[in-house]
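Engineer: Starting from these lines, generate the structure:
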Amino acid sequence: MKALFTTFPAYGHLLPMLPLARAVAAHGDEAVIAAHGDLHAAATGLPTRPVGPALSTLIATNAEAMEWRSDRGDDADLLAATVALFTTTAADLTFDEMSALVARERPDVLVAEMWDFVTPLVAAKLGIPHVRFTHSPATAVDPALAAGAEEAGAQRDLTVPAPLANVQLWPEWLETQPVEPDDSRIAISSSAYDTAEPVRLPAFGDGRPVVLVTLGTVVDDLELLRSAVDAVLAAGANALVTTGFTTTPEDLKADPERVRAVSFAPIGRLLDRVRAVVAAGGSGTTLATLSRGLPMLFVPRIANQPQIAAAVTAFGAGITPEPLAGSVRSLIDEPSLRVRAEDARDRLAARPSPEAAWSALRARVT
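Structural biologist: The predicted structure follows:
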């Protein structure tokens, strides 16, 4: 059986699907990753196919099409631009190319991450079953996104089809919005992204606790990153930092004795070295951290990050302080945070493995 995995062109959307794709391959079936070439390096060992625009191209095209400027738009403009980014603009730039790719590859099933609204339309056009991969919580803007997907479909005389199944990575106990019952749901466990490739990470020479500071693969607020690092140092800990692909370790201008920085590394390797995590609140980083039983301090900024931060804080495995200064010591020392983080780890580990999820999904396809 052949499964073609598709994604919105951002690392945080692809990485959560890779354990399932690797389970497909381990079963003896064929898993192919279809994504912009910028993402291919993350899918080590899996066949990849280039498709769609780079994220920067998609954002720029959408801003031009929607006449959107972040310094001039109001909330309604922002919502419309966000919906178009994932639906109508994404379809304009990707639908034809994706359709041609799928026709060539002839997969038995398409697995589309939750914010890829183009692949379901391709599935409808070509008569191939598709699966939704849900890696983040339900949000208040989901109805607007669904309407945008319907608009993109109507422009092509297509109706958005229901998925054959919904592979659910995000756990129900971290949902903050009402979620409709879904008989198609297949739960899957969470694991921190890693690779078999050698990874060299900088080490510390003293015995201080180490805290990971990460705002994800795209860092557009260097001052926030620096403030988070300063808060870690003020708490007496060392900071292991990821600067993403838009800034460099040198941009931090931090104490080299107590700050070690890399642009990007598999989060599984980073989590091996730390006692706690300061993060923006992306779903992938959050689930990876909780899967290791580590407490979190959130500095949420955009998209669903405030919602995720609120959910983990309410669960008791994280804090969302205001102000940031002085809060990292609590992150390291407060026993209740670690107890709840370890509870989250155990709950996540109890979910079906990627191998079990693929077996269940495979049975539905056949």
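Engineer: use CA for all of it now, contacts and neighbours both
Structural biologist: OK.
Engineer: how about low-confidence regions in this protein?
Structural biologist: 68-74 (pLDDT under 70).
Engineer: hey, which helix is longest across it?
Structural biologist: For the chain, the longest helix by residue count, based on DSSP state H, is helix 88-105.
Engineer: K125 reaches L158, doesn't it?
Structural biologist: Yes: look at K125 against L158 with Cα atoms under 8 Å: they come within range, at 7.0 Å.
Engineer: what packs against the longest helix of the chain?
Structural biologist: With contacts taken as 3 or more Cα pairs under 8 Å, 6 or more residues apart in numbering; DSSP states H and E, helix 88-105 sits against helix 55-66, helix 119-126, helix 142-154.
Engineer: so how far is that helix from its chain's centroid?
Structural biologist: The chain centroid and the centroid of helix 88-105 are separated by 22 Å, computed with Cα atoms, centre = their mean, to the nearest Å.
Engineer: now, of the helices and strands packed on helix 88-105, which is deepest in the fold?
Structural biologist: Counting by mean count of other Cα atoms under 10 Å, helix 119-126 has the highest mean neighbour count of those, with a mean of 22.
Engineer: Show me what it is in contact with.
Structural biologist: 6, 95, 98-99, 102-103, 110, 112, 129-130, 153, 158-161, 163 (Cα atoms under 8 Å, 6 or more residues apart in numbering).
Engineer: From those, list just the buried residues.
Structural biologist: For the contacts of helix 119-126, a burial check counting by 16 or more other Cα atoms under 10 Å picks out 6, 95, 98-99, 102, 110, 112, 129-130, 153, 158-161, 163.
Engineer: What is the nearest of those to D29?
Structural biologist: L110 (13.6 Å; Cα to Cα).
Engineer: So what touches the helix or strand where that closest one lies?
Structural biologist: Using DSSP states H and E, L110 falls within strand 109-113. The contact list for strand 109-113, computed with Cα under 8 Å, 6+ apart, reads 2-8, 13-14, 17, 119-120, 123, 128-135, 365.
Engineer: partners of that strand, with directions?
Structural biologist: Paired neighbours of strand 109-113 in the sheet (DSSP bridges): strand 2-6 (parallel), strand 130-134 (parallel).
Engineer: Could you say which of the ones you listed is packed most deeply?
Structural biologist: It is strand 130-134: most buried of the strands paired with strand 109-113 by mean count of other Cα under 10 Å, with a mean of 26.
Engineer: just the angle between it and helix 119-126, please?
Structural biologist: Here the directions of strand 130-134 and helix 119-126 differ by 170 degrees (axes from the mean of the first three to the mean of the last three Cα atoms, to 10 degrees).
Engineer: Give me the residues contacting strand 130-134.
Structural biologist: Residues from elsewhere that reach strand 130-134, judged by Cα under 8 Å, 6+ apart: 17, 109-114, 119-120, 123, 163-170.
Engineer: How about the host helix or strand of G284, which residues are buried there?
Structural biologist: Element membership for G284 (DSSP H and E) is helix 283-291. Of the residues in helix 283-291, S283, G284, T285, T286, L287, A288, T289, L290, S291 count as buried by neighbour count, 16+ other Cα under 10 Å.
Engineer: how about the residues you listed in CSV, adding distance to P323?
Structural biologist: Converted to CSV, the buried residues of helix 283-291 look like this (distance: Cα to Cα, whole Å):
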residue, distance to P323
S283, 23
G284, 25
T285, 22
T286, 21
L287, 24
A288, 25
T289, 22
L290, 23
S291, 27
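Engineer: Just the closest of those residues to S353, please.
Structural biologist: Among those, and counting by Cα to Cα, the member closest to S353 is S291, at 12.9 Å.
Engineer: residues near the closest residue to the closest one other than its chain neighbours, how many?
Structural biologist: The spatial neighbour of S291 that comes closest, neighbours along the chain excluded (Cα to Cα, 6 or more residues apart in numbering), is R345 at 4.4 Å. Neighbour count for R345, taken as other Cα atoms under 10 Å: 21.
Engineer: Surely R345 and A288 touch.
Structural biologist: No: under the criterion of Cα under 8 Å, R345 makes no contact with A288, lying 9.3 Å away.
Engineer: which pair in the buried residues of helix 283-291 spans the largest distance?
Structural biologist: Maximum distance among these (Cα to Cα): 11.9 Å, for S283 and S291.
Engineer: Which residues are in contact with L85?
Structural biologist: So L85 contacts L58, I59, N62 (Cα under 8 Å, 6+ apart).
Engineer: isn't the last one right next to A84, touching?
Structural biologist: Yes: the pair N62 and A84 passes the contact test of Cα under 8 Å, sitting 7.0 Å apart.
Engineer: do you know how far the nearest residue to R329 once chain neighbours are set aside is from A325?
Structural biologist: Once flanking residues are discounted, R329 sits nearest to A235: 5.1 Å by Cα to Cα, 6+ apart. As judged by Cα to Cα, to the nearest Å, A235 and A325 stand 9 Å apart.
Engineer: same deal with P178?
Structural biologist: 34 Å.
Engineer: Mind checking which of the two has more residues around it?
Structural biologist: Using other Cα under 10 Å, the more surrounded residue of P178 and A325 is A325, with 15 against 9.
Engineer: that's a strand at the more buried one, yeah?
Structural biologist: No: A325: not assigned to a strand; according to DSSP: H, G, I helix; E, B strand; the rest coil it is coil.
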